[in-house]
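In: mind folding the following:
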Amino acid sequence: MQLSQNTGLLAKQSNRLLALDIFRGLTMAAMILVNDPGIETHVYAPLQHTVWNGITPADFIFPSFIFIVGISIVLSSSKQLEKGFTKKQIVKKVLKRAIILFILGVLLSVLQKFDLSRIRITGVLQRISIVFLCCSLLHLYSSRKFQVRLGIFILIAYFLLLTLVPVPGYGYAILEPGQNLAAWFDTLILPGKLYNGNWDPEGISSTFPAIVTGIAGMLAGYLILGNTSTERKIIWLFFTGFASFTIANAWNWFFPINKNLWTSSFVLYTAGLDCMILAFLYFWVDVLGYSKWAKFAVVFGSNAIAAYLASEIFYDLIYFKVGGQTGYSLNERIINATLPAGLSPEMLSLLWALLYVGLCFIPVYWLYQKKIFIKI
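Out: Numbers count the residues shown, from 1 in each chain. Reported below is the predicted structural model:
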């Protein structure tokens with residue numbers, strides 16, 4: 001992990017795409033908001049993950065972050081190559097970052113209780129590290145045509161495998177929780193604890209289409225770096241995003257949009273929306289210059305890793321039960337003391353989540369003010 005003193009945060013100062021920092025920051029803030037409700041059993045529907053098929057705004061957050069990772073790979077690696085770094089030097093950095101991210105993800109799974117039986121080899125950071133590594137290597141050692149063909153091949157192959165190949169023990173192809181081919185493969189291969197007992201939303205099988213989400217981000221990055229005019233870039237981002245979104249809705253009839261399986265239709269649906277959102281932010285912020293409203297998002301986006309780690313550490317502190325399982329956590333004490341105020345449980349849960357986002361913002365803003373940016 002590296003601390004950098006970076007004074008060029010804004011687009012005009014460092015030629016960064018400010019829209020990307022804002023997109024990253026909004027995604028990170030939304031991730032914290034969704035992951036940390038005050039009362040887990042009382043959450044407004046848009047902030048809940050879909051139980052299985054379908055999609056809510058909450059399901060859109062993780063693929064958006066991976067999409068942004070894909071864009072960042074292209075922008076960052078291209079700058080390094082322009083500065084004279086060799087591909088071998090860049091690969092060393094990529095490997096180091098990927099390994100650190102993966103280890104952090106594994107450690108966070110046991111941080112609260114230091115219980116080795118809770119170790120998850122898979123997880124959010126672990127998936128990001130794998131996608132980051134694979135997409136970085138693809139960017140450095142393959143053509144754009146190959147990346148497009150590989151992405152299409154993975155999406156079609158994944159669709160055919162899950163919908164046509166019989167699941168051992170069931171005798172036919174099925175897409176139900178814990179009963180599909182991806183879950184069977186994960187239980188066969190993965191050591192450690194699976195998130196849902198007999199299946200894991202960040203399992204090995206669903207990581208392959210997640211890599212395609214990263215590839216989609218890379219393709220958006222290539223478009224941003226292209227020599228065409230800004231107006232054409234924005235038009236193409238929106239057009240390709242809308243096309244992907246349309247195809248996803250049609251594919252949904254045959255292969256349901258499903259975050260837990262990271263289905264092919266889910267990849268195209270979220271990548272399409274990501275492209276359209278980025279096109280809007282690109283036009284609104286970098287072209288029209290309306291960026292003052294987004295300082296909050298810029299702060300989060302410039303130190304996303306710090307924000308994520310802060311949210312995990314604060315969670316373990318606030319939700320830690322003093323006195324064991326029969327005791328009370330700080331969260332429970334505050335919620336129980338506030339419930340008589342007359343607010344609905346859902347509203348109280350949302351207010352807590354908003355305050356929690358603000359709490360995580362404090363250390364990130366302090367780092368921002370000190371011009372310290374944590375990089376892995």
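In: right, and residue 365 touches residue 299 too?
Out: Yes - the criterion here is Cβ atoms under 8 Å, and residue 365 meets it with residue 299 at 5.4 Å. Every C-beta, even on glycine, is put in place using the N, C-alpha and C of the backbone.
In: of those two, who's got more company?
Out: The neighbour count for residue 365 versus residue 299, taken as other Cβ atoms under 10 Å, is higher for residue 299 (22 against 16).
In: so which helix or strand takes in that one?
Out: Counting by DSSP states H and E, the element that carries residue 299 is helix 295-302.
In: picking that back up, can you list residues touching both of residue 365 and residue 299?
Out: Both residue 365 and residue 299 lack any common contact, where contact means Cβ atoms under 8 Å, 6 or more residues apart in numbering.
In: buried residues in the helix holding residue 299?
Out: Under the neighbour-count criterion of 16 or more other Cβ atoms under 10 Å, helix 295-302 has 296, 297, 298, 299, 300, 301, 302 buried.
In: roughly how far apart are the last one and residue 293?
Out: As defined by Cβ to Cβ, to the nearest Å, residue 302 lies at a distance of 16 Å from residue 293.
In: now for this protein: which helix has the highest residue count?
Out: When the chain is parsed with DSSP state H, its longest helix is helix 345-369.
In: run the chain-centre distance for that helix.
Out: 19 Å (Cα atoms, centre = their mean, to the nearest Å).
In: can you map out the helices along the stretch 201-350 of the chain?
Out: With DSSP state H, counting those that start in this stretch as the criterion, the stretch 201-350 of the chain has helices at 204-225, 230-251, 264-281, 295-302, 304-318, 330-338, 345-369.
In: mind giving me a markdown table with those helices and columns for mean pLDDT and distance to residue 33?
Out: Converted to a markdown table, the helices of the stretch 201-350 of the chain look like this (pLDDT from 0 to 100; distance: least, Cβ to Cβ, whole Å):
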| stretch | mean pLDDT | distance to residue 33 |
| --- | --- | --- |
| helix 204-225 | 96 | 21 |
| helix 230-251 | 95 | 24 |
| helix 264-281 | 96 | 17 |
| helix 295-302 | 87 | 11 |
| helix 304-318 | 85 | 10 |
| helix 330-338 | 78 | 15 |
| helix 345-369 | 91 | 5 |
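In: packing partners for the helix holding residue 299?
Out: helix 18-35, helix 345-369 (3 or more Cβ pairs under 8 Å, 6 or more residues apart in numbering; DSSP states H and E).
In: pick the most deeply packed of the ones you listed.
Out: Burial of the helices and strands packed on helix 295-302 is given as mean neighbour count (mean count of other Cβ atoms under 10 Å); helix 18-35 ranks first at a mean of 23.
In: what's that helix packed up against?
Out: helix 61-82, helix 264-281, helix 295-302, helix 304-318, helix 345-369.
In: tell me which of the ones you listed lies nearest to residue 41.
Out: helix 345-369 (8.0 Å; Cβ to Cβ).
In: got a list of contacts for that closest one?
Out: 9, 29, 32-34, 36-44, 47, 296, 299-300, 302-303, 306-307, 310-311, 314, 331, 334-335, 338-339, 341, 343, 373-374.
In: for stretch 288-296, same thing?
Out: 10, 11, 18, 22, 25, 29, 284, 285, 298, 361.
In: pick out the most distant pair among the residues you listed.
Out: 284 and 361 (22.3 Å).
In: now residue 373, what's its secondary structure?
Out: strand (DSSP: H, G, I helix; E, B strand; the rest coil).
In: quick one: it and residue 129, what's the gap?
Out: Residue 373 is 19 Å from residue 129, by Cβ to Cβ.
In: of these two, who's got more company?
Out: residue 129 (22 against 19).
In: quick one: residues contacting that one.
Out: 97, 98, 99, 100, 101, 102, 105.
In: state the phi and psi torsions of it.
Out: Per-residue torsions, residue 129: phi -60, psi -40 (degrees, to the nearest 10).
In: contacts for the helix or strand harbouring residue 188?
Out: For residue 188, the host element (DSSP H and E) is helix 181-189. Residues outside helix 181-189 that contact it (Cβ under 8 Å, 6+ apart) are 122, 161-162, 165, 167-169, 173, 177, 194, 198-200, 203-206, 261.
In: same question, stretch 91-109
Out: 1, 118-121, 123-126, 128-130, 132-133, 136-137, 140, 193, 309, 312, 376.
In: in strands, which of these appear?
Out: Among the contacts of stretch 91-109, DSSP state E puts none in strands.
In: using neighbour counts, give me the buried entries of these.
Out: 120-121, 123-126, 128-130, 132-133, 136-137, 140, 193, 309, 312, 376.
In: just the ones of those residues in helices?
Out: Per DSSP H, the buried ones among the contacts of stretch 91-109 map to helices at 124-126, 128-130, 132-133, 136-137, 140, 309, 312.
In: among those, give me the pair with the biggest separation.
Out: Within these, 140 and 312 form the most distant pair, 30.7 Å apart (Cβ to Cβ).
In: neighbours of the closest residue to residue 195 other than its chain neighbours, how many?
Out: The shortest distance from residue 195 to any non-neighbouring residue, by Cβ to Cβ, 6 or more residues apart in numbering, is to residue 201 (6.0 Å). Residue 201: 21 surrounding residues under other Cβ under 10 Å.
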